[in-house]
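Novice: build me a model:
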Amino acid sequence: MKKLLLALVVVFAGHAAFAQIEGHVNWAYAAKKVNATDAVIYLKADIDDTWHIYSTNTKTGAATSFKFSPSKEFVTVGKVAEPMPVTKYNPAVKMNLSYFENSVVFQQKIRLTGKKATVKGSLEYTVCDDHKCLPPETVEFAVQVAI
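Specialist: Prediction:
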C-alpha cells in the first residue's frame, strides 16, 4: 500500500511540476522620465502565439490587474493605461471579453517625491488559448526610476 501511495505522489507531483512550467507570457519592465518630477512605468507582456491575456477592464475574474507597493519615494497618478484591446463575444460566458494577443504595453504614470525611486509591485493575469485558461499567475516587479 505504501508503494502505491508513493507512486501516486510521484505521478501527481510530476504532473504539477509540468503544469507550473507551462508559461506563455514573458514580462519586461522599464521607466522613462517625462518631466522634472514625473515618469512612466512600462509593463510589457510578450504573449506566445495562439494565447492571450485579458484587459484590465474585462468584467470577469480573469482581468489583468496591477498593485503598486506603497512608498514614500513616489505616488501613482491615475490608473494603469492600456492600448485598445481586441473585444469579441464569447458564447461560453455569454459576454464580450477584451484581451491582448502577441504583445501589450501597460503604462502607469508616477510622481517622484525625491530624485529617484524603486517602483515595486505585482501584477496578476490569466493566459488563455481557444481551448483552456491556465490558473491566474502573480508576478512581482521592481523598476528603478531616476529624474
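Novice: tally of neighbours for Asp48?
Specialist: 14 (other Cβ atoms under 10 Å). (C-beta placed from N, C-alpha, C; glycine too.)
Novice: that one and Asn102, how far apart?
Specialist: Here Asp48 is placed at a distance of 9 Å from Asn102 (Cβ to Cβ, to the nearest Å).
Novice: please apply the same query to Thr126.
Specialist: Thr126 is 17 Å from Asn102, by Cβ to Cβ.
Novice: more neighbours: the two, which one.
Specialist: Thr126 (20 against 11).
Novice: hang on, the more buried one packs against His52?
Specialist: No - here Thr126 lies out of contact with His52, judged by Cβ atoms under 8 Å, at a distance of 9.5 Å.
Novice: neighbours around the nearest residue to Thr126 once chain neighbours are set aside, how many?
Specialist: Distances taken as Cβ to Cβ, 6 or more residues apart in numbering place Ala62 nearest to Thr126, at 4.0 Å, with adjacent residues excluded. The number of residues packed around Ala62, counting by other Cβ under 10 Å, is 20.
Novice: same question for Arg111.
Specialist: Count around Arg111 with other Cβ under 10 Å applied: 14.
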